[in-house]
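Enquirer: A predicted structure for the sequence below; I have some questions about it.
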Amino acid sequence: MTTYDDRASLTDLTATVERVRSSVEGVIEGKPEVVRLSLTVLLAEGHLLIEDVPGVGKTMLAKTLAKSIDCSVRRIQFTPDLLPSDITGVSIWDQQRRDFEFKPGAIFAQIVIGDEINRASPKTQSALLESMEERQVTIDGTTYELPSPFMVVATQNPVEMEGTYPLPEAQRDRFMARVSIGYPSPEAELQMLDVHGGVSPLDDLQPVAHAHDIVKLVEAVRNVHVADSVRRYAVDLVGATRNHPDLRLGASPRATLHLLRAAKASAALSGREYALPDDVQALAVAVLSHRLLPTAQAQLNRRTSEQVVQEILQRTAVPAAPQQQSGFGMGRSAPDFGQQPPRRLG
């Protein structure tokens, strides 16, 4: 149950996130839904995979988000010759001290930008597994905690196959959401020519929030209430992927947890102290689709994982809206939801 103090925290969240959103949208024109999803993942303590064709601003989005927050940022350019120790760090023998000294790798930052992550070998990609899940790195038997907040924003090109290694399922499952930026509208592209034609807008971009502000906002998101029926709805959606005939690999329990955390962050961004079924429904494609593996027959039929998730959303019963939601957080009980037939999306 949230308290009045938590309500104040959500008010602060709205103001802080609005500043970050405006900062990012000043560079990434015409993509408000992409910016919102990026902020949702940040406040839900997740990691973001930006997957799209070259030249649409994948790295620009990651760098803009990082620069809008006053925190430590490291960029890793993934290449075939990149070693795991370049990411995690290495212990070096110190002649004067006559002992090993640990040299932290690029992963020791609050926001880590992994550019073209699928260009590194699977061995190097696996160096991210522990840090992304447990927020720590173990080197030579010693465990080192990573700073907070901690977020990996990775980009990859889904079209080009030359010199790339597909992300393993275990790696993809650690990304909370996948987003595609897409081509801009003609108006946004014209505006981009004016803004980006002379100098890079990143040169004049100043931080509009501090790392400790983000930590406080993450705590506020954790206090967002989720009714039992909304939890059941998330479990039903994920469970349906494990029995779908067009999928040979469904979503994991980690996907359910990520979907719930993202729904809480989305509710907080909307100024609500409780998550709605609409929050879960709106995020299902972004959170679930990149974890799913279609069958060979589904691929022959050109069925994508996104289409499968949309079909599951259409078939799964949605909890009904509550009769009354006023007064929540002021001593009254949180809203609960009954069941109603699936709603048509869009």
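Expert: Arrived safely, thanks for sending. Numbers count the residues shown, from 1 in each chain.

Enquirer: show me the helices in the stretch 1-150 of the chain, by range?
Expert: Assignment of helices within the stretch 1-150 of the chain using DSSP state H, counting those that start in this stretch yields the ranges 4-25, 32-43, 58-67, 84-88, 122-125, 129-134.

Enquirer: could you dump those helices into TSV with distance to S266 and mean pLDDT added?
Expert: Every C-beta, even on glycine, is put in place using the N, C-alpha and C of the backbone. What follows is the helices of the stretch 1-150 of the chain, written out as TSV (distance: least, Cβ to Cβ, whole Å; pLDDT from 0 to 100):
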stretch	distance to S266	mean pLDDT
helix 4-25	11	74
helix 32-43	5	94
helix 58-67	17	89
helix 84-88	30	93
helix 122-125	29	89
helix 129-134	21	94
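
Enquirer: distance to E51 added to those, as a markdown table?
Expert: A markdown table is the format used below for those (distance: least, Cβ to Cβ, whole Å):
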| stretch | distance to E51 |
| --- | --- |
| helix 4-25 | 18 |
| helix 32-43 | 12 |
| helix 58-67 | 8 |
| helix 84-88 | 20 |
| helix 122-125 | 15 |
| helix 129-134 | 16 |
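
Enquirer: which one of those helices lies closest to M176?
Expert: helix 32-43 (5.1 Å; Cβ to Cβ).

Enquirer: contact partners of that closest one?
Expert: Defining contact as Cβ atoms under 8 Å, 6 or more residues apart in numbering, one finds that helix 32-43 is touched by 13, 17, 20-21, 24-25, 28, 47-48, 61, 65, 149, 151, 153, 176-177, 179, 181, 214, 217-218, 221, 262, 265-266, 268-269, 283, 286.

Enquirer: also stretch 288-297?
Expert: 49, 51, 169, 172-173, 175, 177-178, 237-238, 241, 245-252, 255, 259, 303-306, 308-309.

Enquirer: so which bits of that stretch are buried?
Expert: By neighbour count with 16 or more other Cβ atoms under 10 Å, stretch 288-297 contains the buried residues L288, S289, H290, R291, L292, P294.

Enquirer: please state the offset of that stretch from the chain centre?
Expert: A distance of 19 Å separates the centroid of the chain from that of stretch 288-297, by Cα atoms, centre = their mean, to the nearest Å.

Enquirer: and for stretch 36-54?
Expert: 3 Å.
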